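the following comprises the amino acid sequence and a computationally predicted model.
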Amino acid sequence: MRTATKYWVGLVIILVMGGIGYGVYFIYNNTSLFSGNISNQDLADNNQNQYGNSNLEIGLETIDLLNLSEQSITVNGQEHTLNLPKGFNISVFADGLAEPRFFTFTGKDNMVVADKGAGKIYLLKDENDNGQVDQKIEVDSGLRVIHSVHYYQGDLYAAEENQVSVYRDFQEDGSYSDKEILISDLPSGRGHSTRTVIIGPDDKIYLSIGSSCNVCEEEDLRRAAIVRYDLDGSNMEIFASGLRNSVGLGFFQDQLWAVNNGRDKIGDDRPTEEVNIIEQDKHYGWPYCWGAGQTNPEFSGYENFCQNESVWPVYEMQAHSAPLGLAFLSEAKLFPADLLDNLFITFHGSWNRTVSTGYKVVRINPNDFQRKNVNFITGWLQGDGSAWGRPVGVGFDQKGMMYVSDDRAGVIYRVTYQ
């Protein structure tokens, strides 16, 4: 009898200790469970530009671009408030989408968007030029984690989790002559599932493929890398590696720029998110390093590699902001000249962080690597720690107007300046 009692007591102790251990592990990996009301100071730090007596602290051109003013906007029948610099206006360009991600523009300036939630590609047309879509044309459906599209020389390229396709002779009514699968064997099924495709000035396909894990040494070298192909999908090569999840890609002055999402589980403010200039055959640190040569705790023997061999980011940003989209203002057709060449980045928002952060559009002047990112559009993050919208893609049409996709609200915004 005593033996049986001891057995059951021992089993209960083991179960209790196991439960406590699992609880600690779960909480450690899900610190966002503690997210709740945000203090007024934390909310202001996220949603406004904090600056002292000197603009040189963040290198701003004018105070008018620093001060963000509240602006009312109706999204899906509900009134919300967003904050933008004086003179800028934001409105809903397209609604009724599931999870719009990255978009591109055709030769006649019509938008094509990847709707990940619907598994579809849409052509969006504003026929009467009133700033709102009046035609939503389904281009293709049944797509697997469709995330990005890129229009190039009359063809439309599209990246799903497992493949890259091209729609030949893409027309302004959404039709095309043929659909070809160019790359069919992309690594998938684990970890980061979005794929970003763009065509470079060298007429090559550049494809970003995220890691399969939070921190690990990948077996497939195409993971956590940017891969390059010929336009027909042949001659695959690893262009750059050590990039955990570089979702946003863009060329500026013939250089490839990328934002990178850092790892989780080492604190609310580590590791910093990154902006990188991508060079061929370079290694950008992951999984061994983060930020400017900092070593990840799992790889303590890589200090020399992180300090002397890995490429450091040109900008570091708030941890867990989740930068996704990027776009350069290459021509100041409609925006102030002070913003020419500025890099705009969407922050999708935090997950593994005690105090929510992100959920906004920021900008950086790439001509000065000492400058910090500056808030441009904020307000999706609210005082209770929730966010009613999550910015994803950002870009400019040929007229010079800005667009921002939101995969939580299911809309695309248009930003103009007067």
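The structure has been received and is ready for your questions. Numbers count the residues shown, from 1 in each chain.

gap between residue 42 and residue 231?
47 Å (CB to CB, to the nearest Å). Heads up, the C-betas are built off the backbone N, CA and C, glycines and all.

and residue 93, by the same measure?
Per CB to CB, residue 93 is found 31 Å from residue 231.

okay, these two: which has more neighbours?
Under the criterion of other CB atoms under 10 Å, the comparison of residue 93 against residue 231 puts residue 93 first, with 20 against 16.

now the more buried one. Nearest residue, chain neighbours left out?
residue 414 (4.0 Å; CB to CB, 6 or more residues apart in numbering).

kindly state the beta-bridge partners for that neighbour.
Beta-bridge pairing for residue 414 (DSSP bridges): residue 91, residue 403.

which ones are touching it?
The contact partners of residue 414, taken as CB atoms under 8 Å, 6 or more residues apart in numbering, are 90, 91, 92, 93, 131, 401, 402, 403.

which of those residues sits closest to residue 316?
Set against residue 316, the nearest of the contacts of residue 414 by CB to CB is residue 402 (24.5 Å).

setting the sequence-adjacent residues aside, check what's closest to the closest one.
Of all residues not flanking residue 402 in the chain, residue 415 sits nearest, at 4.0 Å (CB to CB, 6+ apart).

isn't that neighbour up against residue 90?
Yes. Using CB atoms under 8 Å, residue 415 makes contact with residue 90 at a distance of 5.1 Å.

which pLDDT does the model give the residue lying closest to residue 284 once chain neighbours are set aside?
Of all residues not flanking residue 284 in the chain, residue 242 sits nearest, at 3.9 Å (CB to CB, 6+ apart). Here, the pLDDT recorded for residue 242 equals 98.

also residue 402?
98.

so where do the helices sit in the stretch 201-350 of the chain?
Applying DSSP state H, counting those that start in this stretch to the stretch 201-350 of the chain gives helices spanning 303-308.

can you map out the strands along it?
204-209, 225-230, 237-241, 249-252, 255-260, 273-278, 282-283, 289-290, 294-295, 315-317, 323-328, 343-347 (DSSP state E, counting those that start in this stretch).

and the residue nearest the centre of the protein?
Residue closest to the mean C-alpha point of the chain, counted by CA atoms, centre = their mean, is residue 324 at 0.6 Å.

from what I can see it touches residue 348, true?
Yes. Residue 324 lies in contact with residue 348 (CB under 8 Å); the separation is 4.8 Å.

now do the domain split for this protein, please.
Here the domain parsing of the chain from automatic domain parsing is 1-34, 39-417.

so residue 122 touches residue 133, yeah?
No. At 9.1 Å, residue 122 does not count as touching residue 133 under the criterion of CB under 8 Å.

picking up where we left off before, buried deepest among the domains of the chain, which one?
Ranked by mean neighbour count, those are led by domain 39-417 with a mean of 18 (mean count of other CB atoms under 10 Å).

low-confidence stretches in this structure?
Within the chain, the ranges that satisfy pLDDT under 70 run 1-35, 52-62, 369-370.

what about the residue nearest to residue 93, distance to residue 216?
Taking CB to CB as the criterion, residue 414 is separated from residue 216 by 41 Å.

assign residue 376 to helix, strand or coil.
strand (DSSP: H, G, I helix; E, B strand; the rest coil).

need the contact list for it.
Applying CB under 8 Å, 6+ apart, the residues contacting residue 376 are 84, 85, 344, 360, 361, 362, 363.

going by distance to residue 104, which of those wins?
When these are compared against residue 104 (criterion: CB to CB), the nearest one is residue 344, at 15.9 Å.

for residue 70, find the nearest of the strands of the stretch 201-350 of the chain.
Among those, strand 343-347 sits nearest to residue 70 (CB to CB), with 19.2 Å.

that closest one packs against which elements?
strand 323-328, strand 360-364, strand 391-396 (3 or more CB pairs under 8 Å, 6 or more residues apart in numbering; DSSP states H and E).

ok, back up a step: and the contacts of residue 414, which is closest to residue 71?
Relative to residue 71, the closest of these is residue 90; by CB to CB it sits at 6.3 Å.

that closest one contacts residue 411, doesn't it?
No. With contact defined as CB under 8 Å, residue 90 and residue 411 do not form a contacting pair (10.8 Å).

could you pull out the residues contacting both of residue 415 and residue 90?
When contacts are counted by CB under 8 Å, 6+ apart, residue 415 and residue 90 have 84, 377 as shared neighbours.

so for residue 103, which of the strands of the stretch 201-350 of the chain sits nearest?
The nearest among the strands of the stretch 201-350 of the chain, by CB to CB, is strand 323-328 at 9.3 Å.

now do the closest one against strand 273-278, angle only.
Per axes from the mean of the first three to the mean of the last three CA atoms, to 10 degrees, the angle that strand 323-328 makes with strand 273-278 is 50 degrees.

can you list the neighbours in contact with strand 323-328?
Residues contacting strand 323-328 (CB under 8 Å, 6+ apart): 102, 247-250, 252, 257-261, 273, 275, 317, 341-348, 366, 391-396, 402, 404-405.

CSV for the helices and strands packed on strand 343-347, including distance to residue 36?
Below are the helices and strands packed on strand 343-347 laid out as CSV (distance: least, CB to CB, whole Å):
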stretch, distance to residue 36
strand 323-328, 24
strand 360-364, 20
strand 391-396, 23
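
looking at the ones you listed, which is nearest to residue 71?
strand 360-364 (13.4 Å).

what's the angle between that closest one and strand 343-347?
Using the same axes, to 10 degrees: strand 360-364 against strand 343-347 is 150 degrees.

which neighbours in the sheet does strand 360-364 have, and how are they oriented?
Strand pairing for strand 360-364, determined by DSSP bridges: strand 343-347 (antiparallel), strand 374-377 (antiparallel).

span of stretch 305-318 from start to end?
Length of stretch 305-318, first residue to last, CA to CA, to the nearest Å: 24 Å.

how far does that stretch sit from its chain's centre?
Per CA atoms, centre = their mean, to the nearest Å, the displacement of stretch 305-318 from the mean C-alpha position of its chain is 19 Å.

residues making contact with that stretch?
With CB under 8 Å, 6+ apart as the criterion, stretch 305-318 contacts 242, 260, 269, 272-277, 279, 282-285, 288-289, 291-295, 323, 345, 357-358, 362, 364, 366, 369, 373.

ditto for stretch 148-161
Residues contacting stretch 148-161 (CB under 8 Å, 6+ apart): 101-107, 112-114, 121, 139-140, 143-147, 164-170, 176, 182, 186, 188, 193-199, 205, 207.

make JSON lines out of the contacts of residue 376 and add distance to residue 337.
Below are the contacts of residue 376 laid out as JSON lines (distance: CB to CB, whole Å):
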{"residue": "84", "distance to residue 337": "18"}
{"residue": "85", "distance to residue 337": "14"}
{"residue": "344", "distance to residue 337": "16"}
{"residue": "360", "distance to residue 337": "24"}
{"residue": "361", "distance to residue 337": "20"}
{"residue": "362", "distance to residue 337": "20"}
{"residue": "363", "distance to residue 337": "14"}
